[in-house]
Structure formats: structure tokens, C-alpha cells
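A.B. asks: Pasting the sequence and the predicted model now:
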Amino acid sequence: MQVNRHMALLLAAVLLPAMGVAADDPEVDTSKWPCKFCEFEEGFSFRPDLGVGYVSDASAKFGEYNGLDEEGAYVVADADARYRKEGGLWLDLTAVDLGLDSRFFGVEGGKQGQYALHLNYKELPHNISDTAMSPFLGAGSNSLALPSGWVTGATTGFMSALDTSLRTLDLETERRLFDIGGSYSRVTHWAFAVNFRHEEKEGTRGLGGTFAFNDSQLPMPIDFTTDQIDASAAYSAERLQARIAYYGSIFKNDDDTFTWANPYIPLGTGGTVGQMSLAPGNQFHQLVLSAGYKLAARTQMTADVAFGQMTQDETFLPYTINGTLSTQPLPRSSLDGRVETLAGHLKITTQLADEFRVNASLSYNDRNNQTPQALYDWISTDYVQATVPRTNLPYSFTRSVASIDGALALTPSLRLYAGCSYDEYTRDLQEVERTNEGTCWGKANLSKELASVSLMWTYSQRTGSAYQPNPDGTPAQNPLMRLYNLADRDRNEAKLRVDVTPGERFNFGFDVRATWDDYFSSTVGLLNGASWSAAADCGWAIAEKVSASCYLGHEEIKSEQSNAELLGASPPWFGSNHDVIDSIGAGFKYDASEKFDMGFDYTWSRSSGEVAIKSATVGFPDLTTELNSARVYLNYTPKKKLTLRLSYWYEGYRSEDWALDDVLPATIGNVLAFGQQSPGYDVNVVTLSGRYEF
């Protein structure tokens, strides 16, 4: 550093006189140089953004989560406010989309380095479908009836009152989230935090109800409440950081049962009303202890352990409301469900040399299901009583993972990474008692002045103990069947990323990834799978105030499977899946002046899914989707604190799904369907608003 300083002084003494600058010239006057971040922000500022928007067409798919599902005008109402006072007091207020069903409002504040408080409210819609139809009355409640004059039929074709009884049905849910919390850190080395969150979810979504072999799509009510609480205390010193935390979640469902009238002619002992239970209330509580300790100048250790308990004790419903079926008394009044969880993680990181780092870790996860077992009568769809009772299976598992990896800097521009892990998974009451998976990977990063390249390869193999279908023995399965998540498997994965910057104004890069799976011990089930993707992106500073970007992507996913209906038979048919996704994106931005700027973004994507049965003469039609989306915005600032905004958004969407298209409520004889069709739309959205800073 001293040599560099002397060299700089020598160069100044030689070059400054040659440039016509005398050594004793007066210093440059910097008094008028602006510094936006030098002055302390103090006082109150408020920036509302008010205006109007218009949506050209109603579409549940377009407005699935953004609240723009209805045709017509809506209010643009956003705002933010800030307050700062010398001494560290601060306050922030944020309001987003107050005129829509996706609104958010939040306020947070406190004193820097001492305490902070926050209060948030958010609504999140989920518009599932606006093309469903149903004859059932009472949608949204937990009891569905059929209209007066309804004519039951052996199939939907004989339900003569169906067409006149159909009513449009919106399948949608809405979540309302409220959370409040704060943190406190005035005590030396300590920090405390607590947060409470209350969520309500209401609405209607589809559910299938069955009598024997006759099905109906039903509007199921959603009326959930979830309360969550987080509390923690953290300690931080020079070499030790520690934390103790509690997490609790309590879920309640205001509808514990759901009934519906049978639209079909009852078969045999089949009833006229069906009943099913809905999601039961439950609780989860967890205590977490974590710590990090600096063992030496270049060695750090972190560890955490978590103890949890899940419980569910809702009162059982009766086996059936079909009075013609005779059942034994329930063995218990409730499940008395209880699951104990234990998770731990230990990691050591050490810098053996300036060029070499090593990480080693161990993790343990145990799920101990202590729910008592009992024998229960088995009633199928309020219609048939099985002759053999069944017992509940309290699934449990234990998982242990050990891994080690390292990083080596061979040169300033070349870095190598490598690692291996071993994963052992043991399960109770499942088809495979134990699986073991070993994984090794390597990665190289090469960085030069104008380009960088990253290449990674991963190989893993999973093997398991003997496969025994259906631990409870009912119903029987083909002994050759293998569930893909438990089957023996080889996996190879490769990744390549290249970034090039040929000049100051332009950069581009591309990314290639591929995965190959081989289920080498499977005869019936998933046999193999492969996927690959390629993407390219670029950025271009065309001029000082003009910039552009682009994106191009392609992805393919393939798999093959086999199936055999008869026990012990060789696979009589093979199926394959082939999905293709293409996408293009482009953007343009022009900052004309301090008063005017504009931008444009365009996205196109298309996907297709092919499902083929090799032994079938007629295959399935392809599943397709296509999306076109374009946005243009203009911002004009006629005065220093006033900005006018104009935006236009077009989005077009097309989809084809053979499971929905042309399937009307009575198309399938033993399925009373919603008649939903594949979504498609062309929607234009225009907004005009003004933002003013007070």
C-alpha cells in the first residue's frame, strides 16, 4: 500500500504539470455537488396513487389471484407513507390494490436498534372456475339438496329435470390474513420477537361424492380458520449465537360434516342422502433450539434441534347415515391422533487454507406416530359394508442424512466444488421398510474478464429393502407393482451455465439442464424419466436512456410406465408422457427525460402434453395451453411531486383439456359433472392514475 501511495504521488507530480494543472492550483469547489444520500431524511411524506382502471371481459382464469376477474371499472388505490425523526424513530405505511379483492395494507415502525412493531392485513382471492354448473341447492353450505320436482335416474341421461335445474356456479375461495408482531433488542446481546397470524379462508371448491358406481361433482364448502404464533429469543456474542423459538398452529374447520342428496335412483341398499367428513381441526406445536459457535478463527459450527407434536381429536362421525346398513359400535369416540416429531441438524465449516473450504453436516428427522390402532367397520360410499373390518395405520418414519463437500480455488479464475451425501430412510407400515440413497456431485466455475462458465454433474442411486405391497393386505395389488417414490432408481443430472459480456452495453447467457432417471428394478409402474431444458437471456443498453432485454426457453419432460391388471401377469400395456414448454420474453425501457419515461414487456408461452398408450388403437388428445401477454406503460411528471401514469395490459389464453372439453353435466352416464370447460380468454386492462407526494 505504501509503494502504491508513493507511485500515485509521483505520477501526479509528473502528469499534472503536463496537463496544465499547477500543483498549487486552488482546490476544486465541491460545495454545489449534490449528494442525495448525505442528508438525514426527517419528517413525514405521503404518496397516494389514485385513479381508475377498466377490465374488458370477465374471466376467473385471468383474475385467478389478482382480483381482476370481473368486467367493468375498478378503483386504483395505492399509497405509501414514511416518517423519520432524528434519534431513530421511524414509521412506514403501505397500501396496495385497495380497490381490488387482492388488497394489502400494512404499517410498521419503531426505533432503530431498539424495537419494531408491525400490523398487516391482506386478502388473497383464488378464482377457480366460472363455467361450472350444478343442480344442487345450498352451494357454499354443508348440506346440498335437490330442487323440488327433481327426477332421479339410473344414469344422468334419465334425469329429465337436469337441464332446467342447472345453475351457474362460481368455484372460488378467499383468504383474509391478519398478522401483528414486534421485536425488541434493547438488552445487551439479546433480541426478542413475537408474531401472531390469523387467517380465515372461505368459499367453495369441487369435491366428488359417490353412491356405489354413480358419482357427482359437488360444491364443497370452505370455512377454515388458522391461528399461528411465533416467539423467539436470540443471544449474540463474539463467538456464540443462540436462539430459542416456539411455533404453534391451530386449525379449525367450522364444517366438520358434509351431506348431499342422491340424484340417482338408489341401488339395492343405497341411501338417498350421502355424508362425508371434512378436514378435521388439528394443532401443531414446536420448540426449536439453535446455536452457532466459532470454534477457531476459520472454523464455525452450527446446530439446531426441534421438538414438535401434532394432535387431532375431533369426534368421529357415525359410520354411515344409511339406516339399512348394520354396523358395530365405533371402537373409539375420536381418533386421539398424536404424532411426535424430532429434527436435528449439525454443520461444521472450516477454511483449511485460503484456497480450500470444507463443510460437513448431519441431519436427523423422526416422525413417531403414536395414534392408537383399532378395528373399524368399512363402509363404501354409504352403500356397501365390507365383511372384514380394517385397522388404521399410524405411519412413522426416520430419516438420517450425512454429507460432506468442499471448495477449492485452483486459480483466481477457476474454482472446483465437490460433495457426497448418504440418505437413509426407514418407514413403518409401508411397502418398503428402508431406502438408502447415495449422491455425489462435482462443479467447476471458470470466470474470465468477458465470460464465465459453470458446469455441474450429479449422480445418485436409491436402493431399498424387499417390496411388500399393501401392509394391511386390502385391497390386493399386483406384486410386481412399484411406487416410484420407493422404487430403486439411478439418477444423473447435468447443468451448464455460460455468461458472456462482450462489451459494457451488452450481455447474454444461456443455461442447459438435463436429468435422467432409471427405475432399474421396476416391472410394473414408472420405468424411466428424462427431462431437459435450455434457456437464453440477454440485456442491452442501447443508449444512455434506452435499454432492452430478452428471454428464450425450451423444456421437455418424458416418462414411460407399464401396468398389469392381473396379479402376477406381465405388463399388457405401456404408456408414455411427453410434455413440451416453450417461452419467449422481451422488454424495452426508455427514460426520455426526468419528466417522461415509458416501457414495454411481452411474454409468450406454449405447453403441450402428450399421453400415449402403445397398445391402444385410440390415444388421448394432446393437452395444450398458450399464453400471450403484453404490457405498455407511460409515466409523465408535469410537476416535481406529481406523476401521471397510463398503462395498458393485454392477455390472451387458450387451453385444450380432453377431460373438460365437451364434457357437459350429462355427458357421462354415471358422472353428474360440473360441465367445466377449458379456460380461454382475451382480456384488456387499462389504468389511469396520478401519484402526488405530500
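C.D. replies: Thanks, I have the structure now. Being a predicted model, the structure only gives us computed values, none of them experimental. Numbering: from 1, shown residues only.

A.B. asks: Please enumerate the strands of the stretch 51-200 of the chain.
C.D. replies: Under the criterion DSSP state E, counting those that start in this stretch, the stretch 51-200 of the chain contains strands at 72-85, 89-96, 104-111, 115-134, 143-144, 167-184, 190-211.

A.B. asks: Just name the most buried of the ones you listed.
C.D. replies: strand 143-144 (a mean of 20; mean count of other Cβ atoms under 10 Å). (C-beta placed from N, C-alpha, C; glycine too.)

A.B. asks: returning to that earlier point: could you dump the strands of the stretch 51-200 of the chain to TSV with distance to residue 641 and mean pLDDT?
C.D. replies: Written out in TSV, the entries for these read as follows (distance: least, Cβ to Cβ, whole Å; pLDDT from 0 to 100):
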stretch	distance to residue 641	mean pLDDT
strand 72-85	14	95
strand 89-96	18	96
strand 104-111	23	96
strand 115-134	28	96
strand 143-144	56	96
strand 167-184	33	96
strand 190-211	36	95
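
A.B. asks: Of all those, which one is nearest residue 647?
C.D. replies: When the strands of the stretch 51-200 of the chain are compared by Cβ to Cβ, strand 72-85 sits nearest residue 647, at 9.7 Å.

A.B. asks: picking that back up, just send the strands of the stretch 51-200 of the chain back as CSV, with distance to residue 343 too.
C.D. replies: Putting these into CSV (distance: least, Cβ to Cβ, whole Å) gives the following:
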stretch, distance to residue 343
strand 72-85, 40
strand 89-96, 35
strand 104-111, 31
strand 115-134, 28
strand 143-144, 42
strand 167-184, 24
strand 190-211, 21
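
A.B. asks: Run through the helices of the protein in chain order.
C.D. replies: Taking DSSP state H, the helices of the chain run over residues 2-18, 162-165.

A.B. asks: Of the ones you listed, which shows the lowest average pLDDT?
C.D. replies: Of all the helices of the chain, mean pLDDT reaches its minimum on helix 2-18 (a mean of 37).

A.B. asks: The closest residue to residue 672 other than its chain neighbours: how many residues sit nearby?
C.D. replies: Nearest non-adjacent residue to residue 672, counting by Cβ to Cβ, 6 or more residues apart in numbering: residue 216, 4.3 Å away. The number of residues packed near residue 216 is 26, by other Cβ atoms under 10 Å.

A.B. asks: is residue 216 in a bridge, and if so with what?
C.D. replies: For residue 216, the beta-bridge partners are residue 209, residue 672 (DSSP bridges).

A.B. asks: on that earlier part again, select, out of the strands of the stretch 51-200 of the chain, the one closest to residue 591.
C.D. replies: strand 72-85 (21.9 Å).

A.B. asks: thinking again about what came up before, contacting residues around the residue nearest to residue 672?
C.D. replies: When contacts are counted by Cβ atoms under 8 Å, 6 or more residues apart in numbering, residue 216 touches 136, 208, 209, 210, 260, 263, 671, 672.

A.B. asks: right, and the third one touches residue 260 too?
C.D. replies: Yes - when contacts are counted by Cβ atoms under 8 Å, residue 209 is listed as touching residue 260 (5.4 Å).

A.B. asks: Identify the contacts common to these two.
C.D. replies: In contact with both residue 209 and residue 260: 216, 218, 274, using Cβ under 8 Å, 6+ apart.

A.B. asks: Not counting sequence-adjacent ones, nearest residue to the last one?
C.D. replies: Spatially, and ignoring its direct neighbours in sequence, residue 274 is nearest to residue 382 (5.0 Å; Cβ to Cβ, 6+ apart).

A.B. asks: Tell me where the stretch 401-550 of the chain has strands.
C.D. replies: According to DSSP E, counting those that start in this stretch, the strands that the stretch 401-550 of the chain contains are 414-428, 434-447, 451-464, 481-482, 489-503, 506-518, 524-543, 546-563.

A.B. asks: Run through who's touching the fourth one.
C.D. replies: Identification of contacts with strand 481-482 by Cβ under 8 Å, 6+ apart yields 467, 469, 519, 521, 522, 523, 524, 525, 526.

A.B. asks: Can I get those residues in JSON lines including neighbour count and distance to residue 305?
C.D. replies: Listed next are those as JSON lines, based on neighbours: other Cβ atoms under 10 Å; distance: Cβ to Cβ, whole Å:
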{"residue": "467", "neighbour count": "18", "distance to residue 305": "34"}
{"residue": "469", "neighbour count": "15", "distance to residue 305": "36"}
{"residue": "519", "neighbour count": "22", "distance to residue 305": "35"}
{"residue": "521", "neighbour count": "13", "distance to residue 305": "36"}
{"residue": "522", "neighbour count": "21", "distance to residue 305": "37"}
{"residue": "523", "neighbour count": "15", "distance to residue 305": "42"}
{"residue": "524", "neighbour count": "19", "distance to residue 305": "41"}
{"residue": "525", "neighbour count": "20", "distance to residue 305": "37"}
{"residue": "526", "neighbour count": "20", "distance to residue 305": "36"}
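
A.B. asks: would you turn the residues you listed into CSV with distance to residue 198 and pLDDT?
C.D. replies: Shown next, in CSV, are these (distance: Cβ to Cβ, whole Å; pLDDT from 0 to 100):
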residue, distance to residue 198, pLDDT
467, 45, 89
469, 44, 75
519, 45, 97
521, 49, 94
522, 46, 94
523, 51, 89
524, 48, 89
525, 44, 92
526, 42, 95
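
A.B. asks: Please tabulate those residues in TSV, including the columns distance to residue 201.
C.D. replies: Output for the contacts of strand 481-482, formatted as TSV (distance: Cβ to Cβ, whole Å):
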residue	distance to residue 201
467	39
469	37
519	38
521	43
522	39
523	43
524	40
525	36
526	34
